[in-house]
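Q: for reference, the sequence and a predicted model appear below.
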Amino acid sequence: MKAWLHSFPDLPDTVASPADLARLELESALPGTPCTLEHVPAMGESYRVEKTAAGYTVSGGDSGLLYGAYALITRILSGESVPPVLASAPKYGLRMVDCWDNPDGTIERGYSGRSLFFEGNRLVYDPARMRELGRLLASVGLNVLCINNVNVHFPGQLLLEDMLPEAAALADIFRPFGIRLMFSIDFSQPMRHGIPTADPLDSAVQAWWKETAARVWTAIPDLAGFLVKADSEGRPGPFTYNRNHAEGANMLAEAVKPYGGIIVWRCFVYNCRQDWRDRTVDRPKAAFEHYAWLDGQFADNVILQIKHGPFDFQVREPVSPLLLAMKHTNLAMELQLAQEYTGHQIDLYTMIPMWRELFAEMPADNIMSIAAVSNLGRDANYTGHPLAAVNLFTYGLLAWDPDTDAEASVSRWARLTYDFTPEQHRCLVSLLLSTRRTYEKYTAPLGIGWMVNPHDHYGPNPSGYEYDLWGTYHKADRNAVGIDRTASGTGYLEQYSADLQEKYGDPATCPDLYLLFYHRLPYSFVMKDGRTLIQRIYDDHFEGLEETKALAEAIAALPFPEPDRAEIFRRMELQLRDAREWCDIINTFFHRLSGVPDTHGRVIYD
Ligand code: GCU
């Protein structure tokens with residue numbers, strides 16, 4: 001199985017350009033359909049596909065031709081009708097996939113096997129799989145691949161040094177797919193080269209980065225840039241030298257500017273050594289506090305990459321206030337395809353409904369680029385769970401066009417992947433679209449997040465992080481649960497505009513699913529539909545478990561081909577067990593605290 005383009009023939013070892021590749025793909029996918037390619041360099045990544053009497057004319061710039069070819073191929077192969085003119089341009093310039101792959105072959109938060117790029121502290125890869133991956137990414141319009149973990153430890157730093165020749169060869173493989181590489185770098189790297197500091201204002205440091213950039217871009221002239229995690233979760237950064245993050249990022253930006261390089265600077269900065277007793281710190285406030293005041297001070301070739309929510313990829317988080325606040329800075333929104341907090345690619349969790357909700361809260365124009373932490377690995381199907389491939393596929397479409405429809409894109413993926421009857425197809429699509437809410441129901445309630453097993457983040461542990469140093473507390477006691485983040489509480493809500501403050505600030509108008517993120521409420525609080533908060537928690541958990549049982553039955557009735565079938569069933573068993581654990585443990589946790597019985601008398605274990 002090769003994910004959604006599984007029936008495609010292998011690609012030849014060398015392909016000269018995206019235009020050549022477009023021709024090859026059209027010939028093999030649509031034999032007998034004459035297609036003419038018109039190279040219009042000024043069109044860049046955009047394309048225009050026109051139906052002619054005999055076949056199709058595809059016009060576009062360098063990679064535009066390839067994207068046009070894939071747009072045509074995927075529509076025809078999925079049985080969709082092709083309009084007389086199909087023209088499109090990507091909304092975002094950089095459509096990135098961030099791999100958290102370590103040089104030893106492991107993947108941080110990886111659930112699909114070992115790294116596709118690294119093993120034994122070397123950059124080693126299977127060229128045929130790289131071409132296949134290039135095809136998968138290009139077929140949905142993704143154009144930047146950062147191959148190494150944002151947590152760069154030695155020997156990961158060697159990517160800039162003696163791994164460079166292998167990296168250059170990898171860049172050659174991806175080039176015809178319109179994909180450029182990016183590297184995560186370690187801010188303190190000059191210190192491995194006899195320079196006693198990494199202070200961004202130090203001239204020796206600046207010179208080292210300039211020399212390094214010259215060497216790296218000589219080897220890979222179209223490298224997209226560097227990705228930086230600085231002053232975050234123990235990584236080095238400008239704070240050590242009392243410099244701010246604009247000073248740090250701009251120093252690197254100057255070094256890479258001559259080559260058209262970009263510095264993608266992550267904003268995941270917060271106090272990860274918090275004292276749970278200290279009520280003055282509220283982790284979700286951190287990114288805004290660190291960066292909003294620097295708006296307008298970053299160089300043109302710096303992009304701030306901001307996680308979509310203020311915490312860390314929880315199942316339900318509001319849009320990060322930082323994404324809404326910085327109007328004079330290039331921003332990228334960061335999503336996570338790897339299901340770190342959403343079931344480890346064991347539990348089914350289709351993400352596009354969540355992404356659509358994010359864009360409903362945030363104008364698409366607030367950002368210029370988009371990134372997602374990869375869910376890829378060396379497993380034969382690339383994403384561990386065969387159905388998790390839908391997240392990579394739909395992410396690509398969404399990165400190209402944030403108005404991408406959830407149902408239509410899931411449907412296209414399903415048609416390209418499985419040969420089902422119309423009824424089976426409809427069933428699969430609706431099941432996939434339902435998985436996000438189901439997962440949300442059986443895990444932490446109503447926007448509160450966390451409650452997971454510490455460190456690996458799979459399965460329930462309601463107080464696993466409660467007295468820890470990561471700043472993720474729910475403070476449930478016998479009377480109430482949740483954190484007051486309004487002006488009378490931590491003040492987090494004040495990071496938003498007045499209209500959002502009004503909407504979320506009052507529990508009566510705050511949407512239910514965000515209630516415990518913004519408010520601390522007694523279990524007797526009466527929700528909009530008349531249920532008490534505690535009853536809603538019980539109901540959601542019982543419903544989530546029942547929905548998972550129904551999901552398992554419906555999935556079992558679908559004729560997935562092997563090897564997918566066995567893998568899907570195996571994981572479904574584990575998901576059922578997980579949903580049951582979540583349901584029972586969360587309900588028992590709240591029942592023991594509150595002493596309030598379930599009004600329907602269902603079993604809650606004491
Ligand atoms: C999460 C995740 C880490 C990762 C970090 C990041 O905290 O658990 O493994 O390093 O995000 O985004 O950098």
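A: Good, I have the coordinates.
Q: hang on, isn't S46 packed against G61?
A: Yes: contact criterion C-beta atoms under 8 Å: S46 and G61 qualify, at 6.8 Å. (Each C-beta comes from the backbone N, C-alpha and C, glycine too.)
Q: show me what the helix or strand where S409 lies is packed up against.
A: Assigned by DSSP states H and E, S409 falls within helix 406-417. Counting contacts by 3 or more C-beta pairs under 8 Å, 6 or more residues apart in numbering; DSSP states H and E, helix 406-417 is packed against helix 62-77, helix 352-361, helix 389-400, helix 422-442.
Q: just the ones you listed: most buried one?
A: helix 389-400 (a mean of 26; mean count of other C-beta atoms under 10 Å).
Q: for that helix, what is the average pLDDT?
A: Helix 389-400 shows a mean pLDDT of 98.
Q: for that helix, packing partners?
A: strand 94-98, helix 127-139, helix 352-361, strand 369-373, helix 406-417.
Q: okay, the angle between it and helix 422-442?
A: For helix 389-400 against helix 422-442, the angle by axes from the mean of the first three to the mean of the last three C-alpha atoms, to 10 degrees is 90 degrees.
Q: got a list of contacts for helix 389-400?
A: Helix 389-400 has contacts (C-beta atoms under 8 Å, 6 or more residues apart in numbering) with 3-4, 67, 88, 90-92, 95, 97, 136-137, 139-142, 335, 337, 349-352, 355, 370, 372, 374-376, 381-383, 404, 406, 409-410, 412-414, 416-417, 432.
Q: quick one, that helix and helix 406-417 angle?
A: Helix 389-400 runs at 130 degrees relative to helix 406-417, counting by the same axes, to 10 degrees.
Q: CA-only coordinates of helix 389-400 in PDB, if you can.
A: Provided in PDB are the C-alpha atoms of helix 389-400 (Å, rounded to 0.1, in the frame of the first residue of the first chain):
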ATOM      1  CA  ALA A 389      -3.300   9.200   5.800                       C
ATOM      2  CA  VAL A 390      -6.500  11.200   5.400                       C
ATOM      3  CA  ASN A 391      -4.900  13.900   7.700                       C
ATOM      4  CA  LEU A 392      -1.800  14.400   5.500                       C
ATOM      5  CA  PHE A 393      -3.900  14.400   2.400                       C
ATOM      6  CA  THR A 394      -6.500  16.900   3.600                       C
ATOM      7  CA  TYR A 395      -3.800  19.100   5.200                       C
ATOM      8  CA  GLY A 396      -2.200  19.500   1.800                       C
ATOM      9  CA  LEU A 397      -5.500  20.600   0.300                       C
ATOM     10  CA  LEU A 398      -6.200  23.000   3.200                       C
ATOM     11  CA  ALA A 399      -2.700  24.500   3.000                       C
ATOM     12  CA  TRP A 400      -3.300  25.200  -0.700                       C
END
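Q: which SS class is the closest residue to the ligand within the stretch 451-600 of the chain?
A: Per C-beta to the nearest ligand atom, H457 is where the stretch 451-600 of the chain lies closest to the ligand, at 6.7 Å. Secondary structure assignment for H457 (DSSP: H, G, I helix; E, B strand; the rest coil): coil.
Q: list the contacts of it.
A: For H457, the contact set (C-beta under 8 Å, 6+ apart) comprises R109, E340, Y341, H344.
Q: one more: Y458?
A: G343, H344, I346, V452, D578.
Q: against R109, how distant is it?
A: Using C-beta to C-beta, to the nearest Å, Y458 is found at 11 Å from R109.
Q: near the ligand, which residues of the chain?
A: Residues of the chain lying close to the ligand (C-beta under 6 Å from any ligand atom) are E108, R109, V150, N151, K229, E233, F268, D312, E340.
Q: and those residues, which two are furthest apart?
A: Farthest apart among the residues of the chain next to the ligand by C-beta to C-beta are K229 and E340. That separation is 15.5 Å.
Q: show me the strands in the stretch 201-350 of the chain, by range?
A: For the stretch 201-350 of the chain, applying DSSP state E, counting those that start in this stretch gives strands covering 225-228, 262-266, 302-307, 331-336.
Q: dump these to a markdown table, plus mean neighbour count, mean pLDDT and distance to A476.
A: Formatted as a markdown table, the strands of the stretch 201-350 of the chain follow (neighbours: other C-beta atoms under 10 Å; pLDDT from 0 to 100; distance: least, C-beta to C-beta, whole Å):
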| stretch | mean neighbour count | mean pLDDT | distance to A476 |
| --- | --- | --- | --- |
| strand 225-228 | 26 | 98 | 37 |
| strand 262-266 | 28 | 98 | 31 |
| strand 302-307 | 25 | 98 | 25 |
| strand 331-336 | 24 | 98 | 26 |
